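1. please find the sequence and the predicted model below.
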Amino acid sequence: MNSASFSVFYLRRDPSESPDTEGPRAGFTTPRALGKAHDRNRIRRRMREAVRHELSNADPAVDFIFHPRRNALDAPIPSLRRELEKVFLKCRT
C-alpha cells in the first residue's frame, strides 16, 4: 500500500501462532537512498513518532513494515498521522 510519504507492507498474524504477542507491531526500513545517516535517522524518528500516536487505531493482529520516502523528512507530523490513519483503516477491512 502506498501513500505520499511512505509505502507500507502488512501481514495479518494468526493469534494462535504467537499468543505472547499482543497488539500491532511496526518496523521501519531506511535505505541509504534516503540520504546520509542523520537524514535517515531523522526520518525514522519522525515516522516512529507518527506511528506511536496512531498505532492504537490499527488492527491488533497485524505486523507493519514502513518504507518511508524522502519527503517524509519534511512532511509535517500531522500530515504523516493522517496518512497513517488512512492506511490503518484500509488494513482493517
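-> Sure thing, it's come through.

2. how many neighbouring residues does V87 have?
-> If you count neighbours by other CB atoms under 10 Å, V87 ends up with 23. All C-beta spots, glycine's among them, are computed from the backbone N, C-alpha and C.

3. for D20, see how far away it is.
-> Computed as CB to CB, to the nearest Å, the V87 to D20 distance reads 26 Å.

4. next: R48.
-> 23 Å.

5. for the lengthiest helix in the chain, packing partners?
-> In the chain, with assignment by DSSP state H, the single longest helix is helix 37-54. Helix 37-54 is packed against strand 25-28, strand 62-68, helix 77-92, with contacts defined by 3 or more CB pairs under 8 Å, 6 or more residues apart in numbering; DSSP states H and E.

6. so where's this structure shaky on pLDDT?
-> Filtered on pLDDT under 70, the chain yields the residue ranges 18-19, 93.

7. out of all residues in it, which is the farthest from the middle?
-> S16 (24.1 Å; CA atoms, centre = their mean).
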